[in-house]
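> based on what follows, work out the 3D shape:
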Amino acid sequence: LSNFMMLKKSMIIKITKLLVIAFLFALNANAEQPYLKFNVSKLKTDYITQDGINYKDVYADEYDVYSLIGGYEFNEIFFEGRYFWSSEESKSGSATVGAVTVSGSTDVEIDGFSIGGGYNFNINENLRFKPSIHYVEIDVDANLNLTIAGSSFTFDAGGSDETIEGKMAIEYVVNDKMDFALNYSEYLDDITTTKDASTLGLEFKYKF
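Below you'll find the predicted structure:
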């Protein structure tokens, strides 16, 4: 486990160094443009099985995610920071163990932030392909409500985690001020009890 954490930390440091180097090169560019974006996406997750528990039976696996993003473009290189939050999703179920029936529900919502950057590959004057990579910190607010033999219990099952997100977008340039984009992303490192998390979204960009 310690080796894994060291590898994870090393990967984050390397990505940060690459972004800093790219930023220093970008400072020499004579064209820079700040922008704001609003993104709406669907987050889909798969879950691990741990200690005999398949967390897919415990937590919802789809969330609506909303993002506010601020960034800068330096010629074809861009850097941005993002704050995001999700819808609150619930899931309920029951099981019988011996003569005891256990029923319950979970309520989960997510928020967090990311920083990252990427490159604009111009397909033509109106279309761009935009790969990027981002460091993400996520805060999961999860409540577990159980009823066991007529008694109710509530547990805080939330927590925080970090991951690396790989993202691809196709952007349509409307004019000098507005762009629209379709984007797809995957989290390259598992988050808490999830695996294979990905998003598909639409975003609007306003350039200053």
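> quick one: the strands in this protein?
Taking DSSP state E, the strands of the chain run over residues 32-47, 49-50, 53-54, 62-74, 77-86, 89-97, 100-119, 121-122, 127-148, 151-156, 159-173, 178-187, 194-207.
> skip the chain neighbours and tell me the closest residue to Ile191.
Using Cβ to Cβ, 6 or more residues apart in numbering and skipping the chain neighbours, the partner closest in space to Ile191 is Asp161 (4.8 Å). Using the backbone N, CA and C atoms, a C-beta is placed for each residue, glycine as well.
> same check on Ala157?
Ala142 (4.3 Å).
> picking that back up, worst average pLDDT in the strands of the chain?
Note on the strands of the chain: strand 53-54 shows the lowest mean pLDDT, a mean of 71.
> list the residues that contact Ile69.
Leu36, Lys37, Phe38, Asn39, Glu80, Gly81, Arg82, Glu203 (Cβ atoms under 8 Å, 6 or more residues apart in numbering).
> buried subset of those, written for ChimeraX?
A single ChimeraX command selects the buried members of those (16 or more other Cβ atoms under 10 Å):
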select :37,39,80,82,203
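> now the contacts of Ile69 in JSON lines, with distance to Phe129?
What follows is the contacts of Ile69, written out as JSON lines (distance: Cβ to Cβ, whole Å):
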{"residue": "Leu36", "distance to Phe129": "21"}
{"residue": "Lys37", "distance to Phe129": "17"}
{"residue": "Phe38", "distance to Phe129": "21"}
{"residue": "Asn39", "distance to Phe129": "17"}
{"residue": "Glu80", "distance to Phe129": "17"}
{"residue": "Gly81", "distance to Phe129": "22"}
{"residue": "Arg82", "distance to Phe129": "20"}
{"residue": "Glu203", "distance to Phe129": "15"}
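> can you tell me which of the contacts of Ile69 comes closest to Gly117?
Using Cβ to Cβ, Glu80 is the member of these that sits closest to Gly117, with 6.9 Å.
> give me the spatial nearest neighbour of that closest one, chain neighbours excluded.
Closest to Glu80 by Cβ to Cβ, 6+ apart is Gly71, at 3.0 Å.
> return the residues in contact with that neighbour.
Pro34, Tyr35, Leu36, Lys37, Phe78, Phe79, Glu80, Gly81.
> between all of those, which two are separated the most?
Leu36 and Phe79 (13.7 Å).
> before we move on, back to that, which among the contacts of Gly71 gets closest to Val102?
Gly81 (42.8 Å).
> who does the closest one bridge with?
Note on Gly81: beta-bridge partners by DSSP bridges are Gly70, Ile115.
> pretty sure it contacts Phe113?
Yes. Judged on Cβ atoms under 8 Å, Gly81 makes contact with Phe113 at a distance of 6.8 Å.
> contacts only, for His134.
Contacts of His134 by Cβ under 8 Å, 6+ apart are Arg82, Ser114, Ile115, Gly116, Gly117, Ile164, Glu165, Lys167.
> let me fix that, I meant to ask about Asp61.
Applying Cβ under 8 Å, 6+ apart to Asp61 gives the contacts Lys44, Thr45, Asp46, Tyr47.
> cool, thanks, talk later.
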